[in-house]
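[1] Quick one, fold the following:
(2 chains)
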Amino acid sequence: SQQGEEDPQALSIQEGENATMNCSYKTSINNLQWYRQNSGRGLVHLILIRSNEREKHSGRLRVTLDTSKKSSSLLITASRAADTASYFCATDSGAGGTSYGKLTFGQGTILTVHP
Amino acid sequence: SAVISQKPSRDICQRGTSLTIQCQVDSQVTMMFWYRQQPGQSLTLIATANQGSEATYESGFVIDKFPISRPNLTFSTLTVSNMSPEDSSIYLCSVEPSGGPGELFFGEGSRLTVL
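    Here you go, the predicted model:
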């Protein structure tokens, strides 16, 4: 079954606004990662948060993780038109602390930022 | 980090034919991963390719349909055999250079359309 479920499926905002995407998962995890995909091309890793972390920042990105609720959120502040892309969460649930690359991806959120 | 080159970037194929996708990495990696992304969908892991051994396939994927080669630590191929329109997808090669619980690096993907 699909590990990660994301909402919303699509988000449309104006430049300068903040964008928040949510991800829920079903099993215990080692870490949760967020990726961006532009126009059906390759994925680019954005940020990784480990199961013992609650919040992480990287530039305009802020990720939170609530393992009790099995959920995570990705916040992009002061969005730009160049942030327009699909965003996927992915979970690492492998035994022994890692799945060694065998991630389970969510359905993704399509973000459109209007100039 | 890792730079991954995939060929072809896109192709249009006839039903019943086979196509081989190549993946070249700019550094030696132990494991390479092949993912499939069906239209408008998320990514699903097809198999893990280790150098010197047979690939490990995920549930729902079989070697006869998706044979994989891994002749050395920087190269792998995925063949999509006896294609049908249901095989129309983006096929993505990825690696985890750190060898541990970390980010995946993806190629740009190979977009196949089967008529």
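[2] and the worst-scoring helix or strand of chain A on mean pLDDT, which strands flank it?
    In chain A, no helix or strand scores lower on mean pLDDT, DSSP states H and E than strand A:5-7, which sits at a mean of 82. Strand pairing for strand A:5-7, using DSSP bridges, gives strand A:19-24 (antiparallel).
[3] how about the partner strand: buried residues?
    A:Ala19, A:Met21, A:Asn22, A:Cys23, A:Ser24 (16 or more other CB atoms under 10 Å in any protein chain shown). (Glycine included, C-beta is placed from N, CA and C.)
[4] and after the least confident helix or strand of chain A, which helix or strand comes next?
    Counting by DSSP states H and E, the element after strand A:5-7 in chain order, helix or strand, is strand A:10-14.
[5] can you tell me the average pLDDT over that following strand?
    The average pLDDT within strand A:10-14 is 96.
[6] I'd like to know how far the residue most central in space within chain B sits from A:Val113.
    Per CA atoms, centre = their mean, the C-alpha nearest to the average position across chain B is that of B:Trp34, at 3.3 Å. Distance, B:Trp34 to A:Val113, by CB to CB, to the nearest Å: 31 Å.
[7] how long is stretch B:77-89 end to end?
    One end of stretch B:77-89 sits 16 Å from the other (CA to CA, to the nearest Å).
[8] circling back: let me know the closest of the buried residues of strand A:19-24 to chain B.
    Of all these, A:Cys23 has the smallest distance to chain B: 11.4 Å, by CB to the nearest CB.
[9] Tell me how many other residues surround the closest residue to the closest one other than its chain neighbours.
    Using CB to CB, 6 or more residues apart in numbering or on different chains and skipping the chain neighbours, the partner closest in space to A:Cys23 is A:Cys89 (3.5 Å). By the measure other CB atoms under 10 Å in any protein chain shown, the count of residues near A:Cys89 is 31.
[10] Phi, psi for A:Cys89 please.
    When quoted as degrees, to the nearest 10, the phi and psi of A:Cys89 stand at phi -90, psi 150.
[11] Repeat that for B:Asp87.
    When quoted as degrees, to the nearest 10, the phi and psi of B:Asp87 stand at phi -80, psi 0.
[12] distance of it from A:Gln107?
    The gap separating B:Asp87 from A:Gln107 is 21 Å, by CB to CB.
[13] what ranges do the strands span in the chain?
    This is for chain A. According to DSSP state E, chain A carries its strands in the segments A:5-7, A:10-14, A:19-24, A:31-37, A:43-50, A:55-58, A:61-66, A:71-76, A:85-92, A:104-105, A:109-114.
[14] let's do chain B instead
    Per DSSP E, chain B carries strands over the ranges B:4-7, B:10-13, B:19-25, B:31-37, B:43-50, B:56-57, B:68-72, B:75-80, B:89-95, B:105-106, B:110-114.
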